[in-house]
Each structure stands twice: as structure tokens, then as C-alpha cells.
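Student: Coordinates only, no sequence provided:
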């Protein structure tokens with residue numbers, strides 16, 4: 001009876017967290033600017049173009065936000081240019097269209113009668129709240145008490161993912177699902193999710209590659225090669241669905257100069273422009289509150305590797321950390337929402353190791 005009471009308390013706590021994430025997204029929408037090109041991408045898929053695309057997109061957004069927020073979303077060099085000129089809106093939106101599954105989720109949800117702007121929020125709420133269930137399943141798999149879920153949610157920023165109109169909540173869910181399937185040896189589902197990760201975010205081809213490297217050596221070489229082909233096809237399909245303006249454009253857009261017309265972009269030729277972002281990124285990572293979790297989990301992992309005591313959970317942490325490092329190498333910007341799943345893995349890993357150590361100390365003879 002005590003066991004059932006404890007389980008009921010645990011899952012009541014999970015339910016409260018689940019509802020809390022939903023309410024956070026529903027009551028505190030960020031209405032970030034990214035919502036505009038995502039909404040436009042959905043309308044492009046529906047056949048809108050030129051001035052019709054511009055008017056349809058901004059009418060949709062205007063009906064979702066108040067006048068003060070709408071003014072904010074259309075003020076400034078980039079927002080104002082995109083607002084005035086359908087060519088800029090189209091070109092910017094095509095660079096967002098590569099997040100195929102998120103765009104399609106917006107289109108699907110909008111079929112229920114809600115606007116595309118609201119659908120972009122609903123999609124984020126659905127996948128962010130689903131992350132809560134997934135984290136609970138991971139804790140159960142590792143026999144970690146469910147009340148630790150609040151720490152994982154907080155440090156991974158799951159409640160904030162529910163508030164923003166981006167593909168990040170969906171990316172966090174599917175990447176975490178992939179690693180959970182590997183952890184729990186649900187290999188068939190793992191191969192499936194690995195295959196379509198690039199349709200969620202193109203840069204997640206990095207995660208697919210390292211996850212498949214593990215699967216190749218420890219699960220199935222044949223299935224890994226098939227999944228590699230599938231994920232590569234998904235990557236190129238995403239490119240064909242949108243517009244991949246290339247690494248230099250995204251680097252220059254992020255760190256050097258905002259260009260509202262990607263097709264007219266000219267890359268900087270100053271070496272220092274490419275060096276400074278890496279220096280700033282290193283400082284940002286060290287100063288971020290999540291750095292200590294990454295550091296201690298990696299430090300413990302290194303100790304286990306030296307003693308040749310690596311298990312499946314260790315490999316999952318390795319995949320996550322390597323993904324973070326490789327992605328930062330290509331785009332040196334530590335934006336927490338890009339790495340929510342790595343924080344889920346790192347924080348769960350640290351909690352698991354600490355609990356195992358505590359249990360070992362309690363069992364040790366005095």
C-alpha cells in the first residue's frame with residue numbers, strides 16, 4: 001500500500017509540472033519575432049506569394065497580438081524591412097522553412113480553425129509539455145524519484161520553450177526521445193527518430209550522426225547504415241523544402257551584419273569578425289548557470305572512462321556533449337534553447353550519479 005501511495009504522490013507531482021508547463025505557454029506567450037517567418041512559411045506552403053503572402057501573414061499576426069506588441073514586431077531595421085517588402089519576407093521565411101516538421105505542425109493545427117500564429121504557440125506547448133512526460137519516463141528508467149523532475153525542467157528551460165514560437169520545443173522532444181529510446185533499448189524506434197531528426201532542425205544531422213555511430217558499434221551495423229541513408233535524405237529534403245543560404249550567411253547574419261535580403265548577402269572578409277564570436281561564446285558558456293552542470297557531469301564521465309566503466313547512460317551523455325561542442329564549433333552562440341536536451345541529459349546524469357553515490361555511502365559499513 002505504501003508503494004502505491006508513493007507512486008501516486010510521484011505522478012501527481014509530474015501532473016502538476018505537466019499542467020504548469022502548459023499554463024506557462026498559454027498565459028505567458030513570448031510572441032517572439034520568429035513567429036512571423038514561421039507563419040509566412042506555413043502560408044508559402046499553402047500557395048501564398050508576393051503581396052498576398054505579406055498581407056496574409058501580418059493580418060494573422062495582428063489578430064494574435066495587441067497593438068503595442070505588433071508595433072514592436074515591425075520596428076527596427078530587419079523587422080521593418082520584412083514588414084514593408086514581401087520579397088524580404090519571402091527570402092527570410094524560406095530560411096525558416098527548412099524546419100519542415102514544425103511548419104507542418106503549424107499547418108495541421110491551423111486546420112482546426114485557429115490562426116497560424118496561435119498554432120505556432122500551440123505546437124510549442126504540446127511538445128514542451130510532452131517533454132515533461134518524457135523526462136518522467138527517463139527518471140523512472142533510472143529509478144530516480146520523480147520529484148527531481150522540477151530541477152530538470154528548470155535547468156533545461158522546458159517552461160520557457162512552451163512560451164516561444166520556435167521549433168525548439170519540438171527539437172528538444174524528438175532529440176530527448178531518441179536518446180531515451182537508446183537508453184531503454186527501444187532500438188527500432190530509436191532508428192526511426194534518428195532518421196527524421198533533420199526534418200525538425202537541419203543541424204540535428206549532427207545528433208543523428210553521433211547517435212548512429214553508437215548504434216553502429218553496439219546495436220546493428222545494417223540498420224545504422226539504412227538509418228544514415230534515411231537521415232541524409234531527410235537533410236536534403238529539408239534543404240529542398242526551404243532555402244539553405246549556407247554557413248557563411250548564417251554566421252554573418254548572427255554575428256556580423258543583419259541582412260534582410262539573404263540572396264544579396266555579402267560575407268565579411270575581416271578575419272577578426274570570425275574570431276570574436278568564438279571568444280565571446282567561450283565567455284558566455286563559462287558564465288552561464290548551466291556550465292557547472294556540464295562541467296561536473298563531464299568530469300565524472302572522464303573519471304569513469306579512465307577506469308573503463310562506461311555504460312549506456314555514459315554514452316548518451318557523450319553523444320549529447322559532443323553534439324553541443326560540434327554545433328558550437330560551427331555556430332559559436334550558446335543560446336540555451338538550442339541545447340535543452342543536452343541539459344536534460346546532463347542534469348539527469350548528475351542526479352543519477354549523486355544518488356548512486358549517496359546510496360553507496362549509506363550501505364558502506366561504519
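Tutor: Yep, it's here. None of these values were measured; they are calculated from a predicted model.

Student: Please name the nearest non-neighbouring residue to residue 344.
Tutor: residue 156 (4.8 Å; Cβ to Cβ, 6 or more residues apart in numbering). Placement of C-beta: from N, CA and C, glycine included.

Student: wait, what's in contact with the one you found?
Tutor: 131, 135, 172, 340-341, 343-344, 347 (Cβ atoms under 8 Å, 6 or more residues apart in numbering).

Student: 6 Å - rerun?
Tutor: 340, 343-344 (Cβ atoms under 6 Å, 6 or more residues apart in numbering).

Student: how close does it sit to residue 169?
Tutor: When Cβ to Cβ, to the nearest Å is applied, the distance between residue 156 and residue 169 equals 11 Å.

Student: Do you have the strands of the stretch 51-200 of the chain handy? List them.
Tutor: Assigned by DSSP state E, counting those that start in this stretch, the stretch 51-200 of the chain shows no strands.

Student: what about residue 264, how many neighbours?
Tutor: As a burial measure, residue 264 scores 10 neighbours (other Cβ atoms under 10 Å).

Student: Enumerate every residue touching it.
Tutor: Applying Cβ under 6 Å, 6+ apart, no residues qualify as near residue 264.

Student: quick one: the helices in the stretch 101-250 of the chain?
Tutor: 116-141, 149-156, 158-161, 168-183, 187-200, 205-218, 221-241, 247-255 (DSSP state H, counting those that start in this stretch).

Student: Any chance of CSV for the ones you listed, columns distance to residue 36?
Tutor: Shown next, in CSV, are the helices of the stretch 101-250 of the chain (distance: least, Cβ to Cβ, whole Å):
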stretch, distance to residue 36
helix 116-141, 9
helix 149-156, 26
helix 158-161, 19
helix 168-183, 16
helix 187-200, 20
helix 205-218, 26
helix 221-241, 19
helix 247-255, 16
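
Student: Present these as CSV; the columns should include mean pLDDT and distance to residue 30.
Tutor: CSV is the format used below for the helices of the stretch 101-250 of the chain (pLDDT from 0 to 100; distance: least, Cβ to Cβ, whole Å):
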stretch, mean pLDDT, distance to residue 30
helix 116-141, 98, 9
helix 149-156, 96, 17
helix 158-161, 98, 8
helix 168-183, 98, 11
helix 187-200, 97, 20
helix 205-218, 98, 25
helix 221-241, 96, 25
helix 247-255, 89, 19
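
Student: nearest to residue 302, of these?
Tutor: The minimum distance between residue 302 and these falls on helix 205-218, with 17.8 Å, by Cβ to Cβ.

Student: which parts of that closest one are buried?
Tutor: 205-216 (16 or more other Cβ atoms under 10 Å).

Student: next one: stretch 296-315
Tutor: 297-298, 300-301, 313-315.

Student: related to what we said a few turns ago, and the buried residues of helix 205-218, which is closest to residue 96?
Tutor: For these, the nearest to residue 96 is residue 205 (17.3 Å; Cβ to Cβ).

Student: so who does the closest one touch?
Tutor: By Cβ under 6 Å, 6+ apart, the neighbours of residue 205 are 198, 235.
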